[in-house]
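1. I need the structure of the sequence given here:
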Amino acid sequence: MTDRFREDQPQFNPSISLPLPVATGNTIELNQWARKGLRSIFRTGYRYKKAGVILGEISHKSKVQTDLFAPTQSNNELIQVMDELNGRFGKGTLRLSQDGSTRNWAMKQEKKSPDYTTNWDEVAVCG
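-> This next block holds a predicted model:
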């Protein structure tokens, strides 16, 4: 979506819903579906601010009813190894190269309130 507070720029706030043929927890497959959705709604000429993905109708993997003719999930071992290494060495240690991330995300904090109720270093001192 574009920045809705920038009235001097054209606005665009598209969305798309892509039901998966078979439920999956495979990060590679989910990433491919997200990119497919993005390709179908992306338009040049806009200054985008953010994008998001919402997962719905989530179910436990033991409750998934597969299609007889659906291809089996691939790369399960790869995803399992990635999850194990990210769990051991920290989130983001391994990630898909196609995710487009080039830097760590950081929250804007220039208008943040002081933490003097929860941080000893910011407690107000008199005198």
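2. Quick check on residue 34: phi, psi?
-> Phi and psi for residue 34, reported as degrees, to the nearest 10, are phi -60, psi -40.
3. cool, and residue 2?
-> Torsion angles, degrees, to the nearest 10, at residue 2: phi -90, psi 170.
4. now it: how far from residue 44?
-> Noted for residue 2: a distance of 13 Å to residue 44, by CB to CB, to the nearest Å. Where you see a C-beta, it was placed from the backbone N, CA and C, and this is true even at glycine.
5. more neighbours, the two?
-> A side-by-side neighbour count of residue 2 and residue 44, using other CB atoms under 10 Å, places residue 2 first with 16 against 4.
6. what's near enough to touch that one?
-> Going by CB atoms under 8 Å, 6 or more residues apart in numbering, residue 2 touches 9-13, 46-49.
7. Repeat that for residue 64.
-> So, once contact is read as CB under 8 Å, 6+ apart, residue 64 ends up touching 22-23.
8. same deal with residue 77?
-> Residue 77 neighbours (CB under 8 Å, 6+ apart): none.
9. so where's this structure uncertain?
-> Low-confidence segments of the chain, defined by pLDDT under 70: 66-67, 70-75, 97-105, 127.
10. Now do the strands in it.
-> Using DSSP state E, no strands are found in the chain.
11. That one: helices as residue ranges?
-> Assigned by DSSP state H, the helices in the chain fall at 27-41, 76-89.
12. nearest to residue 112, of these?
-> Residue 112 lies closest to helix 76-89 among the helices of the chain, at 28.7 Å (CB to CB).
13. With only the CA atoms kept, save that closest one in PDB.
-> The C-alpha atoms that make up helix 76-89 are tabulated as PDB, following Å, rounded to 0.1, in the frame of the first residue of the first chain:
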ATOM      1  CA  ASN A  76      10.400 -30.600   3.900                       C
ATOM      2  CA  GLU A  77      13.900 -31.700   5.000                       C
ATOM      3  CA  LEU A  78      15.300 -28.400   3.900                       C
ATOM      4  CA  ILE A  79      12.700 -26.400   5.800                       C
ATOM      5  CA  GLN A  80      13.300 -28.600   8.900                       C
ATOM      6  CA  VAL A  81      17.000 -27.900   8.800                       C
ATOM      7  CA  MET A  82      16.400 -24.200   8.300                       C
ATOM      8  CA  ASP A  83      14.100 -24.100  11.300                       C
ATOM      9  CA  GLU A  84      16.600 -26.000  13.500                       C
ATOM     10  CA  LEU A  85      19.500 -23.700  12.600                       C
ATOM     11  CA  ASN A  86      17.400 -20.600  13.100                       C
ATOM     12  CA  GLY A  87      16.300 -21.900  16.500                       C
ATOM     13  CA  ARG A  88      19.800 -22.700  17.500                       C
ATOM     14  CA  PHE A  89      21.600 -19.600  16.100                       C
END
